[in-house]
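**Student:** show me the folded form of this:
(chains A and B)
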Number of protein chains: 2
Amino acid sequence: MATFMDVHRGMTGITDEQLREAHAADLAIQDEEGVSFEHAWADPDSGVVYCLSEAPSPDAVQRVHERAGHPASEIHPVPLAV
Amino acid sequence: MATFMDVHRGMTGITDEQLREAHAADLAIQDEEGVSFEHAWADPDSGVVYCLSEAPSPDAVQRVHERAGHPASEIHPVPLAV
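**Tutor:** Okay, the predicted model is just below:
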């Protein structure tokens, strides 16, 4: 497993409820891809959302996000953390 | 206080030690700006580094990063989190 930060763009005006629904949609199917979404942070003004996950690959992260209806714009492995 | 995610670009090849040194440099002066850097994640291949902080403003986040020698490329308030 590795740690990933993925970035969604274009979610301008996202609400707290919408973020929770999107996160819940990921959690509902993540096990099927061996992914564990840990946290998500959103900036409604710029429409940027960051998601931190543990996953076997970036493709697994994207498959979960795509099936949940919100593909990521960028997915970065973040092997270093403090 | 608010929560911020800032993004550094151009840190290709960053090492674990360099990330720890950069984070320590922030921690050493953050109190002077009322900032608290919580976590940082780095992708040495793309050179992207993400920093999560609590701070009074994005300017305060950038002042700490600039004085520590590594200004951020982007700083986003992230008022929503799960």
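**Student:** let me know whether stretch A:11-29 sits next to chain B.
**Tutor:** Yes. Stretch A:11-29 comes into contact with chain B (C-beta under 8 Å from any C-beta of the partner chain), by way of A:I14, A:T15, A:D16, A:L19, A:R20, A:H23. Bear in mind the C-beta positions are built from the backbone N, C-alpha and C, glycine included.
**Student:** quick one: which two of these are the most distant?
**Tutor:** Spanning the widest gap among the residues of stretch A:11-29 next to chain B are A:T15 and A:H23, at 12.6 Å by C-beta to C-beta.
**Student:** which one's more surrounded, these two?
**Tutor:** Neighbours per residue, other C-beta atoms under 10 Å in any protein chain shown: of A:T15 and A:H23, the larger number sits with A:H23, 20 against 12.
**Student:** check which helices and strands whichever helix or strand that one is part of sits against.
**Tutor:** Here A:H23 sits within helix A:16-30, counting by DSSP states H and E. Under the contact criterion of 3 or more C-beta pairs under 8 Å, 6 or more residues apart in numbering or on different chains; DSSP states H and E, the helices and strands touching helix A:16-30 comprise strand A:36-43, strand A:48-55, helix A:58-67, strand B:80-81.
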